[in-house]
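Undergrad: next come a sequence and a model predicted from it.
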Amino acid sequence: MSFFWGVIAVLLLIVWALSIYDIVRRRLGTKRTAAWILIVVILPVVGSILYWVMRKPEPGDAQHKYEADRSRREEAERRVF
């Protein structure tokens, strides 16, 4: 049973670290960045979930996804079966 909890702890640590990294990477402004980091550090699980739920997509996210999908479709059409 302790292995199970160890895996859960590692996964939560990864989510927590990714949340902190994303908060710092996105230029939210000093006050918003500090507030989100405080929330995520004080309440790691709840803060991380709140951050990812309330996170707005960056302006280039939709365009990047569209271009990646188009690239995948074009590559699939070029394949010979």
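TA: Arrived safely. Numbering: from 1, shown residues only.

Undergrad: all helices of this structure, in order?
TA: Assigned by DSSP state H, the chain shows helices spanning 2-25, 30-42, 44-54, 61-78.

Undergrad: CSV for those helices, including mean neighbour count and mean pLDDT?
TA: (Glycine included, C-beta is placed from N, CA and C.) What follows is those, written out as CSV (neighbours: other CB atoms under 10 Å; pLDDT from 0 to 100):
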stretch, mean neighbour count, mean pLDDT
helix 2-25, 12, 93
helix 30-42, 14, 94
helix 44-54, 14, 93
helix 61-78, 10, 84
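
Undergrad: how about residues contacting stretch 42-62?
TA: 12, 15-16, 19, 22-23, 26, 36, 39-41 (CB atoms under 8 Å, 6 or more residues apart in numbering).

Undergrad: and residue 55, its phi and psi?
TA: Per-residue torsions, residue 55: phi -70, psi 130 (degrees, to the nearest 10).
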